[in-house]
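[1] just to be clear, the model below is a prediction. Sequence and coordinates:
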Amino acid sequence: MKMSNDKLDTPVQYLKGVGPKVAKLLSNMGVRTVEDLLYFFPREYEDRNRIVLINRIIAGSEVVLVRGEIEKIENKNARGRFSVLKVVLADHTGRINAVFFNQPYLAKMLRAGMKLYLSGKPEINLYDGGIQLQVREWDMDHGGKPEILPIYPLTEGLHQKYLRNLIRKALEERLALVEDRLSNQIKKRYNLTDLKPSIMTLHFPVDINAVEAARYRLVFDDFFIFQLGLLIKKNEIAEEKGIAFNIPEKALLEFIGALPYKLTGAQQRVLAEIKDDMSAVRPMNRLLMGDVGSGKTIIAALASLIAVQNGYQAAIMVPTEILANQHFEKLSGILSGFNVQLLTGSTQKKGKKQTIDKADIIIGTHALIEENVKFKKLGLAVIDEQHRFGVRQRAKLAQKGSPPDILFMTATPIPRSLALALYGDLDRSDLDEMPPGRKPVKTHYVPPSKRREAYEFMRKHVNEGRQVFIVYPLVEESEEMDLKAATVEAEKLQREVFPEFKVGLIHGRMKSDEKDKVMSGFKDGKIQLLVSTTVIEVGIDIPNATIMAVEHAERFGLSQLHQLRGRVGRGTDESFCLLMADAKTGEARARIKAMLDFNDGFKLAEVDLKLRGPGEFFGTRQSGLPEFRMADIVRDEKVLKLARGAAEEFIKEDYAAARDLWLGQRKKIESS
Ligand code: ADP
Ligand code: MG
């Protein structure tokens, strides 16, 4: 057993014919071990059963594959980087000109009478009007039964034929060592083919129709293992001994009664779920999903109240300092009987060990999770806008208690179906109801020609006592320049457009007391128009602001635009989102159109994912998504659901076996 693993773990460099240079190229594509190579799958196939007869070729069509004999070779002496080699290829139906670009060495290899496979794009030759084939791939035809050949992703310096041979050899020598860890029962129940033949088929299919089933097997494996991991984690947490809080019903009722509004039905339901969790011995591990403005903060306050009434501390972690300040002010207001404290980068005593012993509720940024910050008795950790934190950061806060109950909160940056997959280790609550009286935000596209009009619109609203956000994008590469743009623009707006009002400016580079001053000026209505970078993107709650203008709206992702739009429409007044953009590309236009068409964060997340694809959508690994070998979380959504169900069944039927399987796999993931 041990031996076999070692052999799959061997660096590719130790395969015959792979030198350090090729090893480097392979490693650039993520292939380091022999096993990686076996799991490095082709992006498409060249099916040599699908030969096109030469007299059937249509100019301008997709890539075709032809098979024939060389009649003639021209430009035998072509040389240098921009050489063109012309070959006349004939089959029994006719002849065609084929051109090879920049491969002068072929002149020496090819000669009349040779039999070839050529694939390429048929195009009209502008000189003689005939059809010519621009060759992409070529191969000798040694006769025999036509094969289906894999076409692998390549990198500069690595050739298709070389990689094909290398993988073929690796399969011959080492495929036998791959272990199929799924039981026959699961394979039968979910209609899965065996692993080894599936891998073989994916590389060198005998029948192109078998590829799909093989792919399904590999996709299933990816998702199945991933889901097993999440479910096992969930089980392990459930077995931990946490705190069984007493629910202070009277205090909760009093607190709720003192609010200026009634809880929505959804808020009441979620509160009941949290009460169940918090009163149980196992630690709460719950994700609260609710669209922007659905009223998550008050839920955090209620959960905190339960903890502090039991003599524990509650910590609320948020991604920005501005948001920490806002929560701090709000919660110290409504929880006035308690000691509420703020801990951010600027309030923290640098480098000093800090034990928070007096506070009941601590609101803070990443500063909360620094090594030197110790809680006296942390009972509840709330992580607001949790998608803005990495997996590690989230775990770090949990480690400050032993173990505390955890409430994750998020607006909806991902489609609902994916949430199931990604957060499969958490219990979930949906805040799927908006507080009453909200009017949907009216969204308008403002092209450059309508800018004047937009300013007049803002003026009218400010004259009626309302306030306006004007947001500028911050692109990391040129932060300086963007900041300058926002600063210059704020000055210009003040001087030339709105001299009768006060225009404020806020951005991430300002000192925190400056930021505070501007934010409170805006909150108190001393500033009417606030120019800002995206530091105000999440969480900020100023119900009197009714216009959100986004400059260069074409540069923002949909989820971000939705978050920004969520800064208005928080009171009962009609609110507006103005997308100031010059949408030139199709994608920019599609995004703006989606903003005009949809008000629902889930729906927009779906569109966003489709427009940008999973890579960009999920960005870094922060999202907690592993790198799958074969699966694509968007395209393979159906299999994801199946695998989730299968993992649940497996765990129920044989927990020990499930855990075994996962542990074996995890070792592999962690060692790579
Ligand atoms: P989010 O879910 O985006 O964090 P907030 O918690 O900031 O939303 O709440 C948005 C606004 O709605 C706040 O001004 C809050 O006071 C208000 N709010 C919350 N719950 C209710 C309710 N049940 N009825 C009326 N207003 C509410
Ligand atoms: Mg919030």
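    Alright, I've got the coordinates. Ligands and ions are numbered 1, 2, ... in the order given.

[2] who's in contact with the one residue in the stretch 1-150 of the chain that gets nearest to ligand 1?
    Closest residue of the stretch 1-150 of the chain to ligand 1, C-beta to the nearest ligand atom: Gly30 (38.4 Å). Backbone N, C-alpha and C define where each C-beta goes, glycine included. Contact analysis of Gly30 by C-beta atoms under 8 Å, 6 or more residues apart in numbering lists Asp36, Phe40.

[3] name the residues of the stretch 201-350 of the chain found near ligand 2, please.
    Residues of the stretch 201-350 of the chain lying near ligand 2 by C-beta under 5 Å from the ion: Lys296.

[4] helices along the stretch 201-350 of the chain, start to end?
    Assigned by DSSP state H, counting those that start in this stretch, the helices in the stretch 201-350 of the chain fall at 211-239, 249-258, 265-279, 297-309, 321-334.

[5] what would the ones you listed look like in CSV with distance to Gly645?
    Below are these laid out as CSV (distance: least, C-beta to C-beta, whole Å):
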stretch, distance to Gly645
helix 211-239, 9
helix 249-258, 37
helix 265-279, 23
helix 297-309, 30
helix 321-334, 38
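
[6] buried deepest among those, which one?
    Comparing those by mean neighbour count (mean count of other C-beta atoms under 10 Å), helix 297-309 comes out on top with a mean of 23.

[7] starting at the chain centroid, how far to it?
    Chain-centre distance of helix 297-309: 30 Å, with C-alpha atoms, centre = their mean, to the nearest Å.

[8] could you do stretch 248-265 as well?
    Relative to its chain's centre, stretch 248-265 lies at 37 Å (C-alpha atoms, centre = their mean).

[9] put the alpha carbons of that stretch into PDB.
    The C-alpha trace of stretch 248-265 is given here as PDB (Å, rounded to 0.1, in the frame of the first residue of the first chain):
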ATOM      1  CA  PRO A 248     -33.600  35.100  28.900                       C
ATOM      2  CA  GLU A 249     -37.100  35.400  27.500                       C
ATOM      3  CA  LYS A 250     -38.100  38.400  29.600                       C
ATOM      4  CA  ALA A 251     -35.100  40.500  28.700                       C
ATOM      5  CA  LEU A 252     -35.600  39.600  25.000                       C
ATOM      6  CA  LEU A 253     -39.200  40.600  25.100                       C
ATOM      7  CA  GLU A 254     -38.400  43.900  26.800                       C
ATOM      8  CA  PHE A 255     -35.600  44.600  24.300                       C
ATOM      9  CA  ILE A 256     -37.800  43.900  21.300                       C
ATOM     10  CA  GLY A 257     -40.700  45.900  22.800                       C
ATOM     11  CA  ALA A 258     -38.400  48.900  23.000                       C
ATOM     12  CA  LEU A 259     -37.500  48.900  19.300                       C
ATOM     13  CA  PRO A 260     -39.100  51.500  17.100                       C
ATOM     14  CA  TYR A 261     -40.500  48.800  14.900                       C
ATOM     15  CA  LYS A 262     -41.900  45.200  15.000                       C
ATOM     16  CA  LEU A 263     -39.700  42.300  14.000                       C
ATOM     17  CA  THR A 264     -40.600  40.900  10.600                       C
ATOM     18  CA  GLY A 265     -41.900  37.300  10.400                       C
END
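
[10] quickly check: that stretch near ligand 1 or not.
    Yes. Residues of stretch 248-265 contacting ligand 1 under C-beta under 6 Å from any ligand atom: Tyr261, Lys262, Leu263, Thr264.

[11] and the residue nearest to the third one when sequence neighbours are not counted, how far from Glu574?
    Pointing back at Leu263 there. Leaving aside its sequence neighbours, Leu263 sits nearest to Ile256 (C-beta to C-beta, 6 or more residues apart in numbering; 6.2 Å). Noted for Ile256: a distance of 29 Å to Glu574, by C-beta to C-beta, to the nearest Å.

[12] same thing with Lys526?
    Counting by C-beta to C-beta, the separation of Lys526 from Glu574 is 24 Å.

[13] now the helices for the stretch 501-650 of the chain?
    Remark: helices assigned in the stretch 501-650 of the chain by DSSP H, counting those that start in this stretch are 512-523, 558-565, 586-597, 601-618, 637-653.

[14] report pLDDT for the residue of the stretch 451-600 of the chain found nearest ligand 1.
    Relative to ligand 1, the nearest point of the stretch 451-600 of the chain is Asp541 (4.2 Å; C-beta to the nearest ligand atom). If you check Asp541, the pLDDT there is 85.

[15] what is the neighbour count of the residue nearest to it when sequence neighbours are not counted?
    Among residues not flanking Asp541 along the chain, Arg570 sits closest, at 5.9 Å (C-beta to C-beta, 6+ apart). Neighbourhood size, Arg570 [other C-beta atoms under 10 Å]: 21.

[16] and the residue in the chain positioned nearest to ligand 2, what does it touch?
    When scored by C-beta to the ion, the chain has Gly539 as its residue closest to ligand 2, at 4.3 Å. For Gly539, the contacting residues are Val318, Thr320, Leu323, Gln326, His327, Asp384, Glu385, by C-beta under 8 Å, 6+ apart.

[17] what do you get for Glu62?
    Residues in contact with Glu62, defined by C-beta under 8 Å, 6+ apart, are Lys121.

[18] so where does it fall, helix or strand?
    Glu62 is part of no helix or strand, with elements assigned from DSSP states H and E.

[19] next one: phi and psi at it?
    phi -70, psi 180 (degrees, to the nearest 10).

[20] look up how far Arg48 lies from the closest residue to Asp47 other than its chain neighbours.
    The spatial neighbour of Asp47 that comes closest, neighbours along the chain excluded (C-beta to C-beta, 6+ apart), is Ile148 at 4.8 Å. To Arg48, Ile148 is 7 Å away according to C-beta to C-beta.

[21] repeat that for Ala213.
    Taking C-beta to C-beta as the criterion, Ala213 is separated from Arg48 by 21 Å.

[22] how about the residues of the stretch 401-550 of the chain near ligand 1?
    Residues of the stretch 401-550 of the chain lying close to ligand 1 (C-beta under 6 Å from any ligand atom) are Pro435, Asp541, Pro543.

[23] quick check: phi and psi at the second one.
    Taking degrees, to the nearest 10, you get phi -130, psi 100 for the backbone angles of Asp541.

[24] burial count for it?
    16.

[25] for Arg32, see how far away it is.
    From Asp541 to Arg32 the distance is 48 Å (C-beta to C-beta).

[26] might one say that Val219 is in contact with Val639?
    Yes. Val219 is within contact range of Val639, at 4.9 Å (criterion: C-beta atoms under 8 Å).

[27] tell me, what's touching these two both at once?
    Ala631.

[28] re earlier: just the buried members of the residues of stretch 248-265 next to ligand 1?
    Leu263, Thr264 (16 or more other C-beta atoms under 10 Å).

[29] now, among the residues of stretch 248-265 next to ligand 1, which is nearest to ligand 1?
    For these, the residue nearest ligand 1 by C-beta to the nearest ligand atom is Tyr261; the value is 3.5 Å.

[30] which non-adjacent residue is nearest the closest one?
    Spatial nearest neighbour of Tyr261, chain neighbours left out: Pro435 (6.7 Å); criterion: C-beta to C-beta, 6+ apart.

[31] where's the one you found, which helix or strand?
    According to DSSP H and E, Pro435 maps onto no helix or strand at all.

[32] just to check, it is in contact with Gly295?
    Yes. Counting by C-beta under 8 Å, Pro435 does reach Gly295; the two are 5.5 Å apart.

[33] rewinding a little: angles on the backbone of the residue nearest to Asp541, please.
    Torsion angles, degrees, to the nearest 10, at Arg570: phi -100, psi -10.

[34] again, but for Ile362
    When read as degrees, to the nearest 10, the backbone of Ile362 gives phi -120, psi 120.

[35] count of neighbours near it?
    By the criterion of other C-beta under 10 Å, Ile362 has 24 neighbours.

[36] per-residue pLDDT, Gly624?
    pLDDT, Gly624: 56.
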